[in-house]
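Novice: Need a 3D model of the following:
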Amino acid sequence: MVKKITPNWSEDTVAQEKLLYSQSSALTDAELLGLLIGKSTIAGSATNAGAELLENHNNNLNELRYLDVNTICKSK
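Specialist: As a prediction, the model looks like this:
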């Protein structure tokens, strides 16, 4: 079943729909992190927060596994 993504949905909702109707490989690393973060932040969407977290760590998911929770929570 193909689901049309509505343009006025938030980035977080689009990521959830992509995961629901496609494979996880259809999601970017930032979208996957956004889903793990789970909710929008004051600064913007959870997907944006995931993208910024990746950007601050050389766009390398492998680097993120060495971070403690406090470090991740302090990221902007």
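Novice: For T47, which non-adjacent residue is spatially closest?
Specialist: G34 (3.5 Å; C-beta to C-beta, 6 or more residues apart in numbering). Every residue, glycine included, has its C-beta placed from N, CA and C.
Novice: Which helix or strand contains the one you found?
Specialist: G34 belongs to helix 29-37 when assigned by DSSP states H and E.
Novice: Packing partners of that helix?
Specialist: helix 11-21, helix 46-55 (3 or more C-beta pairs under 8 Å, 6 or more residues apart in numbering; DSSP states H and E).
Novice: buried sites along it?
Specialist: The neighbour-count check on helix 29-37 (16 or more other C-beta atoms under 10 Å) flags A30, E31, L32, L33, G34, L35, I37 as buried.
Novice: Then stretch 49-63?
Specialist: For stretch 49-63, by 16+ other C-beta under 10 Å, it's A49, G50, A51, E52, L53, L54, H57.
Novice: so who does the second one touch?
Specialist: When you say that, I think you mean G50. Applying C-beta atoms under 8 Å, 6 or more residues apart in numbering, we find G50 in contact with D29, A30, E31, L32, L33, G34, L36, I37.
Novice: Alright, calling it a day.
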